[in-house]
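Enquirer: Here is a sequence together with a model predicted from it:
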Amino acid sequence: MATAPSRQERLRACAQEARAWLFDAALPLWAARGFDESAQCFYERIGADGAPMLEPRRVRVQARQTAAFAIAGQLGWQGPWAKMTEAGLRVLQSRCLRMDGGSHHTLGKDGAPLDQRRDLYDLAFVLFALANAASALGQRRDLIAAADAQLSWLDAHWAHPRGGYNEGEVAPNPPRRQNPHMHLFEALLALHEATGETAYLQRAARIHHLAMAHFYDPEHGVLRELFDEDWRPAAGAMGAHIEPGHLFEWSWLLDRYSRLSGAALHPAAARLCAEAERRGVNRATGAVYNACAIDGAVCDAESRLWTHTERLKAHVAAFARTQDEAHAEAAMHAFSTLMRYCDTPTKGLWRDRMAEDGTLIDEPAPASSFYHIVLGLAELIGVGR
């Protein structure tokens with residue numbers, strides 16, 4: 001009788017499957033069809049038939065695609081990652097960054113600046129792209145200098161007296177949001193990794209403190225999303241809004257911050273992962289709900305693709321830290337669910353939304369998801385080694 005594969009062997013098989021899909025299908029397809037040669041910038045979406053969609057382009061997507069190819073190069077993909085990273089950098093530096101600080105919000109179909117409003121979420125991804133490109137391309141100090149200039153502008157113009165930053169001109173303010181601060185935290189950790197400089201960790205520590213003092217609700221073990229000017233939970237349903245995907249994402253980020261800084265891991269990392277698993281996973285389909293309320297009610301029973309990459313990252317990190325087999329099982333479950341989204345007629349694309357009954361919704365594949373996919377699969381590939 002054949003012996004059943006061990007958990008470690010199954011995890012390694014998942015990592016090999018992830019690497020094959022990413023290296024042999026997704027990265028080649030998005031390198032070949034995801035960049036608009038006429039406008040010299042990335043497309044927003046690719047249709048199910050493999051044809052790109054010509055439409056206005058968000059600056060955050062230009063930054064995410066740049067970062068995705070840079071990370072692919074660091075993972076060992078032998079395709080044209082450097083060419084795509086450099087192409088993305090040209091877009092970011094020549095058309096996305098404003099001369100007076102901050103970034104534009106969108107580019108038009110022709111690649112020229114369209115919506116010139118600034119946004120903290122967008123800027124966080126520009127910083128993330130600069131950091132990852134600097135790492136992949138060999139300590140590019142010009143990219144770090146560009147990031148430093150934006151951080152100086154951010155401090156001078158958007159630092160908030162109650163902590164954190166103003167969020168710009170796109171979303172109404174208040175409510176204040178944890179989400180752009182989370183991605184700024186992520187970018188600062190990437191800048192530290194690119195340079196080894198402690199100044200970025202010191203900046204990240206301030207956001208870490210803000211998150212644990214205000215975003216995290218220790219009574220319920222969750223992370224709130226929306227706040228008033230003083231970082232108190234917003235009134236009514238807005239203040240009770242919980243996104244399980246963000247609970248997983250913060251769990252992973254807290255682990256990463258601890259590893260990079262040497263600081264003790266905050267207990268919230270384990271609690272957030274556990275609560276996201278308990279509250280946020282649809283047991284019938286295995287998918288992660290988009291949103292719940294603080295009382296446990298499901299507010300949005302659909303499931304976006306990105307939530308599964310965050311579940312994967314959180315459990316892989318927890319397994320690497322604890323060797324708890326329950327985390328390995330949850331990571332493999334998250335990967336299996338993610339691959340359902342990626343089972344498409346044109347291999348290398350994905351669907352972005354799953355209905356409550358487990359039906360995947362047919363629509364063009366958004367480029368914005370690739371950053372999530374690459375980071376999630378990178379964690380799995382790493383632990384599989």
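Expert: Structure's in. What do you need? Numbers count the residues shown, from 1 in each chain.
Enquirer: What count of nearby residues applies to Arg140?
Expert: Using other C-beta atoms under 10 Å, Arg140 has 16 other residues around it. Every residue, glycine included, has its C-beta placed from N, CA and C.
Enquirer: go on, the one 5 residues further on?
Expert: Neighbour count of Ala145, defined by other C-beta under 10 Å: 11.
Enquirer: do the same with the one 4 residues further on
Expert: By the other C-beta under 10 Å criterion, the neighbourhood of Ala149 contains 12 residues.
Enquirer: And for Ala159?
Expert: Ala159 sits with 11 neighbouring residues when counted by other C-beta under 10 Å.
Enquirer: Touching, it and Tyr165? I think so.
Expert: Yes. Contact criterion C-beta atoms under 8 Å: Ala159 and Tyr165 qualify, at 6.1 Å.
Enquirer: And the closest residue to Asn282 other than its chain neighbours, how far from Gly239?
Expert: In space, and not counting its chain neighbours, Asn282 is closest to Tyr289: 6.0 Å by C-beta to C-beta, 6 or more residues apart in numbering. With distances taken as C-beta to C-beta, to the nearest Å, Tyr289 is found 18 Å from Gly239.
Enquirer: Neighbour count for those two, which is higher?
Expert: Applying other C-beta under 10 Å to Tyr289 and Gly239 shows that Tyr289 carries more neighbours, namely 24 against 17.
Enquirer: Show the model's pLDDT score for the more buried one.
Expert: Tyr289 carries a pLDDT score of 98 in this model.
Enquirer: Please tell me I have it right and it contacts Ser303.
Expert: Yes. Under the criterion of C-beta under 8 Å, Tyr289 lies in contact with Ser303, with a separation of 6.4 Å.
Enquirer: Spit out the residues that contact those two alike.
Expert: In the contact map built from C-beta atoms under 8 Å, 6 or more residues apart in numbering, the residues linked to both Tyr289 and Ser303 are Asn282.
Enquirer: Quick one: low-confidence residue ranges for this structure.
Expert: Low-confidence segments of the chain, defined by pLDDT under 70, are located at 1-2.
Enquirer: Would you indicate which residues of the one helix or strand Thr66 maps to are buried?
Expert: If you go by DSSP states H and E, Thr66 is part of helix 59-75. Taking 16 or more other C-beta atoms under 10 Å as the neighbour-count basis, helix 59-75 is seen to contain the buried residues 59-73, 75.
Enquirer: Ok, stretch 217-233 next?
Expert: His220, Gly221, Val222, Leu223, Arg224, Glu225, Leu226, Phe227, Trp231, Pro233.
Enquirer: want to throw those into JSON lines with secondary structure and distance to Gly138?
Expert: Supplementary listing: the buried residues of stretch 217-233 in JSON lines, determined by DSSP: H, G, I helix; E, B strand; the rest coil; distance: C-beta to C-beta, whole Å:
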{"residue": "His220", "secondary structure": "coil", "distance to Gly138": "45"}
{"residue": "Gly221", "secondary structure": "coil", "distance to Gly138": "42"}
{"residue": "Val222", "secondary structure": "strand", "distance to Gly138": "41"}
{"residue": "Leu223", "secondary structure": "strand", "distance to Gly138": "36"}
{"residue": "Arg224", "secondary structure": "coil", "distance to Gly138": "41"}
{"residue": "Glu225", "secondary structure": "coil", "distance to Gly138": "38"}
{"residue": "Leu226", "secondary structure": "strand", "distance to Gly138": "41"}
{"residue": "Phe227", "secondary structure": "strand", "distance to Gly138": "40"}
{"residue": "Trp231", "secondary structure": "coil", "distance to Gly138": "40"}
{"residue": "Pro233", "secondary structure": "strand", "distance to Gly138": "45"}
